[in-house]
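Q: next come a sequence and a model predicted from it.
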Amino acid sequence: MRLIDTHTHLDFPDFDADRDALLARCRARGVERLVVLGVYRDNWQRLWDLVQGDSRLHAAFGLHPAYLDAHRPEHLDELRAWLQRLAGHRQLCAVGEFGLDYFLEHLDRPRQQALFEAQLGLAAEFELPALLHVRRAHAPTIATLKRFQLKRGGIIHAFAGSYEEAREYLKLGFRLGLGGAPTWPQAKRLRKVLGQLPAEALVLETDSPDMAPAMHPNQRNSPEYLPDICAELAPLVGLSPDELAATSSRNACELFAWPS
């Protein structure tokens, strides 16, 4: 089984004590590539230093809505400078993580929207996929994406929307990221939606260290758990684990323009 984890935060301090050993375990379990996503300006250099040490790691840089109060207007200029400096580098794969979060009620929505649109503009300018955080904000996200019509689409991270919302994202060229959430039996609505989705829409992720799957509850989530997530989700989408691994990896390679 060969897998790609399309959404990790492997640069976070949660992994400082055993990062090298964890990557060795990932390799042993068939997790061949990992995308590490930046969430605020101050972690971009740490993230880039990390991926430069391992050819299987790929970087995305963005300004996450949860850190809205830490972002400054000049950080967008710095993000553009990073993307310009690294344009064409094989380990730069996307803009992200960014998006809209309406679950966190204290976050100013107009400011979120402005930051969202600015980063979509950068994804369009540099012709990179957009890796999006969307919580309780599918309608405004879809409406905005329809205006931007990104050439390379992207991924809706930790997708938990309806079938109708999934269809809208697919028409806009986006894949749907599946990780720990639908492994939980309580996620009945989401598990039902997965059974309606075409296999070419799906990519796998962990969001480690967050969103641990049901088979590893109350633990630090890890990319090494991706085979377990794949095995749990495969029956929900009507595939064997090997078929889901192959299909999701192919989808990721197509999105990021990697050789499969």
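A: It's in. Numbers count the residues shown, from 1 in each chain.
Q: wait, what's in contact with Thr8?
A: Thr8 makes contact with Leu34, Val35, Val36, Leu37, Glu205, Thr206, Asp207, Ser208, Pro223 under the criterion Cβ atoms under 8 Å, 6 or more residues apart in numbering. All C-beta atoms are positioned from the backbone trio N, CA, C, and that covers glycine.
Q: same question for Leu100.
A: Neighbours of Leu100 in contact, by Cβ under 8 Å, 6+ apart: Pro65, Arg109, Gln112, Gln113, Phe116, His133, Val134, Arg135, Ala137, Pro140, Thr141.
Q: let's see if you can find the most crowded of those.
A: Counting neighbours by other Cβ atoms under 10 Å, Pro65 leads the contacts of Leu100 with 28 neighbours.
Q: with only the CA atoms kept, save the helix or strand hosting Ala24 in CSV.
A: Here Ala24, judged by DSSP states H and E, is contained in helix 19-28. Provided in CSV are the C-alpha atoms of helix 19-28 (Å, rounded to 0.1, in the frame of the first residue of the first chain):
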residue,chain,number,x,y,z
ARG,A,19,10.0,13.3,14.3
ASP,A,20,12.8,11.3,12.6
ALA,A,21,11.6,8.1,14.1
LEU,A,22,8.0,8.9,13.1
LEU,A,23,9.0,9.5,9.5
ALA,A,24,10.8,6.1,9.5
ARG,A,25,7.6,4.4,10.7
CYS,A,26,5.7,6.2,8.0
ARG,A,27,8.0,4.9,5.4
ALA,A,28,7.7,1.4,6.7
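Q: what comes up buried for whatever helix or strand comes next after that helix?
A: Following helix 19-28 in sequence order, the next helix or strand is strand 31-37 (DSSP H and E). Neighbour counts over strand 31-37 (16 or more other Cβ atoms under 10 Å) mark Val31, Arg33, Leu34, Val35, Val36, Leu37 as buried.
Q: same question for stretch 63-75.
A: The neighbour-count check on stretch 63-75 (16+ other Cβ under 10 Å) flags Leu63, His64, Pro65, Ala66, Leu68, His71, His75 as buried.
Q: which SS state does the first one fall under?
A: Three-state assignment for Leu63 (DSSP: H, G, I helix; E, B strand; the rest coil): coil.
Q: use 45 as the first number for this chain going forward.
A: Okay, residue one is now 45; in that scheme the one you just asked about reads as Leu107.
Q: show me the strands in the stretch 45-194 of the chain, by range?
A: 47-52, 75-81, 101-105, 136-145, 174-179 (DSSP state E, counting those that start in this stretch).
Q: and of the contacts of Leu144, the nearest to Ala125?
A: Of all those, Ala125 sits closest to Phe160, with 19.7 Å by Cβ to Cβ.
Q: which pLDDT value goes with the closest one?
A: As predicted, Phe160 sits at a pLDDT of 98.
Q: before we move on, what about Met259?
A: 97.
Q: apart from its neighbours in sequence, what residue is nearest it?
A: Asp272 (5.1 Å; Cβ to Cβ, 6 or more residues apart in numbering).
Q: need the contact partners of the helix or strand containing that neighbour.
A: Counting by DSSP H and E, the element that carries Asp272 is helix 270-277. With contact meaning Cβ under 8 Å, 6+ apart, helix 270-277 is reached by 45, 47, 49, 70, 73-75, 222-224, 226-227, 238, 248-250, 257-260, 285, 288-289, 292.
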